[in-house]
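1. sequence isn't available, so here's the structure alone:
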């Protein structure tokens, strides 16, 4: 046990070093120069269900400080979808079409919505995303830069459901966000996230349209890969948008985070494994159990520094740091469980996922 404990202690200290380096290097993405003339934009919002604060969240897209026309297209596949009641009377175009074009229901929705899109600059955004008033200005300015084929944005959590959704949001704020910013800044990752994907109609046509990713679980990542295959890059715009989480209980939280984990694992198995092994608090607990208790406090300290850095940099207060050990322990349990998963839960449907990340009709 001494040898194992020593290895776990060393791994904990490596994780602490990684966390501190993340805190020291985390920065906001740089803004592109403002444009003298802005093109009109179509925003595509695929919807499913009446999420908490859906109308309020969607209003942030209608209240943009943007000097050109902005069209918002909302799409549903069920004429009785309660999302339709939530957005009734809003200044949006609504597409209700049950046609299916592949295994990914969200992508099918997007394909149906394209018939209503009026403009050549397209901005895709998940239904639970909230944006600041200067969001479109910064995203479109980034898209106009030479060599850029698409633009994405990082996001933080808010938790609109209850304490479980806030617990999920805390995982985003202290785990995904700092790690993602760190990896992107150093060129270790090339993100393209469903929180925002902006591209032109021409670029979308060149990669085969949304049909090209109709059977892929990580459709956002696949779109980014397709854009890069054209020799263009995916830029990260400065806005840190809000992911308005809706998890109302532990089962929903676990299902959601396992889906995220399985998606990342299918895309980058070694990168996913590395992130788990660099989580110092859970590893320090194992080291403590093997006779090395002194590494626990450094692990807590390193993770607290990251949480405080995020609070300072983005000027908002995540939930109490006292939640950190519990949040990290849950994340580690789900990290381990991911290696035994061959399916994910997607809005009540169980979907199998192949090694390449493609969706099969049935999961196990």
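-> In hand now; what should we look at? As the structure is a computational prediction, the values presented were derived from the model and not from experiment. Residues are numbered from 1 along each chain as shown.
2. what does the lengthiest helix in the chain contact?
-> As assigned by DSSP state H, the longest helix anywhere in the chain is helix 2-25. Applying CB atoms under 8 Å, 6 or more residues apart in numbering, the contact partners of helix 2-25 are 178-179, 182, 185-186, 277-280, 283-284, 286-287, 290-292, 294-295, 298-299, 301-303, 305-306, 308-309. Heads up, the C-betas are built off the backbone N, CA and C, glycines and all.
3. among the residues you listed, which ones are buried?
-> Neighbour-count burial (16 or more other CB atoms under 10 Å) applied to the contacts of helix 2-25 gives 178-179, 182, 277-280, 283-284, 286-287, 290, 292, 295, 298-299, 302-303, 305-306, 309.
4. can you tell me which of those residues are in helices?
-> Reading helices off those with DSSP H, I get 178-179, 182, 277, 280, 283-284, 286-287, 298-299, 302-303, 305-306, 309.
5. lowest average confidence, helix or strand, in the protein?
-> strand 359-360 (a mean of 66; mean pLDDT, DSSP states H and E).
6. so which residues of this protein form helices?
-> Going by DSSP H, the chain shows helices at 2-25, 54-62, 83-86, 105-113, 135-143, 163-171, 177-185, 201-206, 219-228, 250-267, 269-277, 280-289, 296-314, 324-338.
7. for the last one, packing partners?
-> Just to be clear, that refers to helix 324-338. helix 163-171, helix 250-267, helix 269-277, helix 280-289, helix 296-314 (3 or more CB pairs under 8 Å, 6 or more residues apart in numbering; DSSP states H and E).
8. tell me the most buried of those helices?
-> Among these, ranked by average contacts under mean count of other CB atoms under 10 Å, first place goes to helix 280-289 (a mean of 23).
9. and it, average pLDDT?
-> Helix 280-289 shows a mean pLDDT of 94.
10. tell me the pLDDT of residue 3.
-> Residue 3 is given a pLDDT of 87.
11. distance of it from residue 243?
-> 42 Å (CB to CB, to the nearest Å).
12. likewise for residue 93?
-> 24 Å.
13. and if you look at residue 235?
-> 20 Å.
14. cool, residue 174 as well?
-> For residue 174 relative to residue 243 (CB to CB), the value is 14 Å.
15. with residue 231 instead?
-> Distance from residue 231 to residue 243, by CB to CB: 31 Å.
16. who has more neighbours, the two?
-> Higher neighbour count among residue 231 and residue 243: residue 243, with 26 against 8, using other CB atoms under 10 Å.
17. can you pull the pLDDT of the closest residue to the more buried one other than its chain neighbours?
-> Once flanking residues are discounted, residue 243 sits nearest to residue 155: 4.5 Å by CB to CB, 6 or more residues apart in numbering. Here the pLDDT value assigned to residue 155 is 94.
18. pipe the helices and strands packed on helix 324-338 into a markdown table and attach distance to residue 80 per row.
-> Shown next, in a markdown table, are these (distance: least, CB to CB, whole Å):
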| stretch | distance to residue 80 |
| --- | --- |
| helix 163-171 | 25 |
| helix 250-267 | 22 |
| helix 269-277 | 38 |
| helix 280-289 | 44 |
| helix 296-314 | 39 |
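19. ranking those helices by mean pLDDT, which is last?
-> helix 269-277 (a mean of 83).
20. which secondary structure elements does it contact?
-> helix 250-267, helix 324-338.
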